[in-house]
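> Below is the sequence, then the predicted model.
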Amino acid sequence: MMRFVIGFIMFLLPSWLAFPLIKLFWGKASYVFDKGSRVGFSLILASSVRLGKGTKIKSGNLIAVESLELGENAKIKNWNVLKGHFDVRLGKDAVINKLNKITSSRANIRKSELVLGNNAIIGIDHTIDLVDSVRIGDHSILVGSGSQLWTHGFYHSKQGPERWRVDGEIRIGNNVYVGSRCLICSGITICDAVTIGAGSVVSKSLMQPGLYVNQALRYVAFDPDQMIGKFRKVSDGIYERG
């Protein structure tokens, strides 16, 4: 209930009035607003909000998460949806641009994280699945629009109704450039200093710096019933990559 009250105070009142009221009635431990931080007409529902010096959250955002932390001069621009059972942490000068959808189920089995390093940028109209965590390093960027990052997928048995969900966090290193309309699959790690061309599908970890572009479609032998045995079971029908 408290997060709704505080959220509507930040939505309805200008920051210069809302921030002192929140500090007065709810204390300073969970809600910290440094000098020059501002929130526009955005609904923020979180148990903890920490806005560093000069941070800006512009209008039109729905942010319903467990906790929200913005480093110095970080920005969340307009018309984004961040909603689910996860924490959000943005480093110094990090940016979430416009029209992004970053979500997980409120009933998710884990509390995941979205972490952006210093000067990391999420561009316009990207989709990020937070069933598991997504970590984007310093000076890395999802450019353009239309990229998708998925931290879960499914294996279907060759016969019968069996279906298993497989989760895995995505780790993107420092100084990584991801072009428009890329798809990054669950459990992927991308090392530092990588450039990924537009329209690429990243289905395996990239551990050598350099340029990667999409490959031709090819056949790969695959047995889902054998493959599922390589993962750790975390709940009924849910597995996690090691």
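That came through fine. Computed from a predicted structure; not experimentally measured.
> which residues touch the most centrally placed residue in the chain?
With distances taken as C-alpha atoms, centre = their mean, the residue of the chain nearest its centroid is residue 114 (3.8 Å). Going by C-beta atoms under 8 Å, 6 or more residues apart in numbering, residue 114 touches 82, 86, 87, 88, 89, 102, 128, 130, 133, 134. In this view, the C-beta of every residue, glycine as well, is placed from N, C-alpha and C.
> Which elements pack onto the strand or helix carrying the first one?
Using DSSP states H and E, the secondary-structure element containing residue 82 is strand 81-83. Contacts defined by 3 or more C-beta pairs under 8 Å, 6 or more residues apart in numbering; DSSP states H and E place strand 81-83 against strand 62-64, strand 101-103.
> pLDDT averaged over the last one - what is it?
Right, strand 101-103. On average, the pLDDT along strand 101-103 is 98.
> buried ones in that strand?
Within strand 101-103, the residues that qualify as buried are 102, 103, counting by 16 or more other C-beta atoms under 10 Å.
> do the first one as well
Of the residues in strand 62-64, those with enough neighbours to count as buried (16+ other C-beta under 10 Å) are 63, 64.
> roughly how far is it from the heart of the chain?
Distance of strand 62-64 from its chain centroid, counting by C-alpha atoms, centre = their mean, to the nearest Å, is 13 Å.
> Tell me the buried residues in stretch 108-127?
Applying 16+ other C-beta under 10 Å to stretch 108-127 flags 108, 110, 112-126 as buried.
> Quick one: end-to-end length of that stretch, please.
18 Å (C-alpha to C-alpha, to the nearest Å).
> same question, stretch 213-232
With C-alpha to C-alpha as the measure, the ends of stretch 213-232 fall 31 Å from one another.
> quick one: buried residues of it?
Buried residues in stretch 213-232 (16+ other C-beta under 10 Å): residue 231.
> what's the average pLDDT for that stretch?
85.
> Just the ones in strands from the buried residues of stretch 108-127, please.
In strands, defined here by DSSP state E, the members of the buried residues of stretch 108-127 are 112, 113, 114, 115, 116, 121, 122, 123, 124.
> now the end-to-end length of stretch 47-55.
Using C-alpha to C-alpha, the end-to-end distance of stretch 47-55 comes out at 19 Å.
> So what touches that stretch?
Under C-beta under 8 Å, 6+ apart, the answer for stretch 47-55 is 2-3, 6, 30-39, 57, 66-75, 92.
> again, but for stretch 132-140
With contact meaning C-beta under 8 Å, 6+ apart, stretch 132-140 is reached by 86, 91, 110, 112-122, 128, 142, 149, 151-152, 167-178, 186, 192, 240.
> that older thread, will you turn the helices and strands packed on strand 81-83 into JSON lines that also has distance to residue 16?
What follows is the helices and strands packed on strand 81-83, written out as JSON lines (distance: least, C-beta to C-beta, whole Å):
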{"stretch": "strand 62-64", "distance to residue 16": "20"}
{"stretch": "strand 101-103", "distance to residue 16": "28"}
